[in-house]
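>>> output the structure for:
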Amino acid sequence: MCDMQTTRGASLSGATNPDERGAGSPEREIRPRRVAVLVAVAAGALTLDIVSKVVVVAQLSDRPPVRLLGGLLTLRVTRNSGAAFSIGTGMTFVLTLIAVSVIIAILRTARRLRSLPWAITLGLLLGGATGNLVDRLLRSPGPLRGHVVDWIELPHWPVFNLADSAIVCGGAIAVLLAARGLQLDGTRSAGDATDPVAADKDGNEDGNEDGNGNGTAQQDAPPPPDRKS
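Okay, the predicted model is just below:
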């Protein structure tokens, strides 16, 4: 009886808690790395946007537009009360609330993040949305009603800034990833997923049939009858 209790105690104490097994699993280690990539990309996009706006406002305000590359690129400081590319002017307060909602949604989505492409995509969207939100919070005419600084102009295109570029690039990549069926957790949608075990099994069966001619049908054929002389 004592031996049985000792054996049972050893079995129970040696059992591994599922939470402890998952604590060091690769999936738990991947998520912090992907979130770190998202934060790094967002911080980079936000820093470039803020620094560029400070420089152009200090150097190009009250000056005529600067034309570069034969007029292909023009540096022109403008104030935009609307969304990206001067869309929705006069709705500054509403657009500010939308930007805050987008940022919160991206941060909540990061909890399920396992994919590196999606980490870069969400980082671009987060950095761009935050860059324009900073202008709406800190620039004139006042908090939540501030006008965004735009300064990049291309032929036949509205004036924009680096935050707008980050948002557009992030949106384009998101559409591409969704079209390819790549999910936030790194898996693919059911329509694009393949079973490598089944594919390998089918390949082996095909190879056996090719090597034996008729496959199992030939192996199961009965032997020819003996001829009596």
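
>>> start and end of stretch 105-123, how far apart?
12 Å (CA to CA, to the nearest Å).

>>> in it, what counts as buried?
Across stretch 105-123, burial judged by 16 or more other CB atoms under 10 Å covers 106, 110, 113-115, 117-123. For glycine as for every other residue, the C-beta is placed from the backbone atoms N, C-alpha and C.

>>> packing partners of the longest strand belonging to the chain?
Longest strand of the chain, by residue count under DSSP state E: strand 73-80. Contacts defined by 3 or more CB pairs under 8 Å, 6 or more residues apart in numbering; DSSP states H and E place strand 73-80 against helix 26-60, strand 66-68, strand 148-153.

>>> just so I know, which of the ones you listed lies nearest A129?
helix 26-60 (9.0 Å; CB to CB).

>>> and the closest one, what's its mean pLDDT?
Averaging pLDDT along helix 26-60 gives 91.

>>> same check on stretch 139-154?
Per-residue scores along stretch 139-154 average to 89.

>>> for it, how far is the first residue from the last?
25 Å.

>>> ok, residues contacting that stretch?
52-53, 56-57, 60, 65, 72-81, 86, 92-93, 96, 132, 135-138, 158-165 (CB atoms under 8 Å, 6 or more residues apart in numbering).

>>> of those residues, grab the buried ones for PyMOL.
Buried residues among the contacts of stretch 139-154 (16+ other CB under 10 Å), as a PyMOL selection:
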select buried, resi 52+53+56+74+75+76+77+78+79+80+81+86+92+96+132+135+136+158+159+160+161+162+163+164+165
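
>>> where does pLDDT dip in this protein?
Counting by pLDDT under 70, the ranges of the chain that qualify are 1-29, 82-90, 191-229.

>>> so where do the helices sit in it?
2-14, 18-23, 26-60, 92-109, 116-138, 162-179, 196-212, 216-219 (DSSP state H).

>>> and the angle from the fourth one to helix 116-138?
Direction vectors for helix 92-109 and helix 116-138, defined by axes from the mean of the first three to the mean of the last three CA atoms, to 10 degrees, enclose an angle of 150 degrees.

>>> what is helix 92-109 packed up against?
Partner elements for helix 92-109 (3+ CB pairs under 8 Å, 6+ apart): helix 116-138.

>>> orientation of the helix it packs on relative to strand 73-80 in degrees?
Going by the same axes, to 10 degrees, helix 116-138 makes 60 degrees with strand 73-80.
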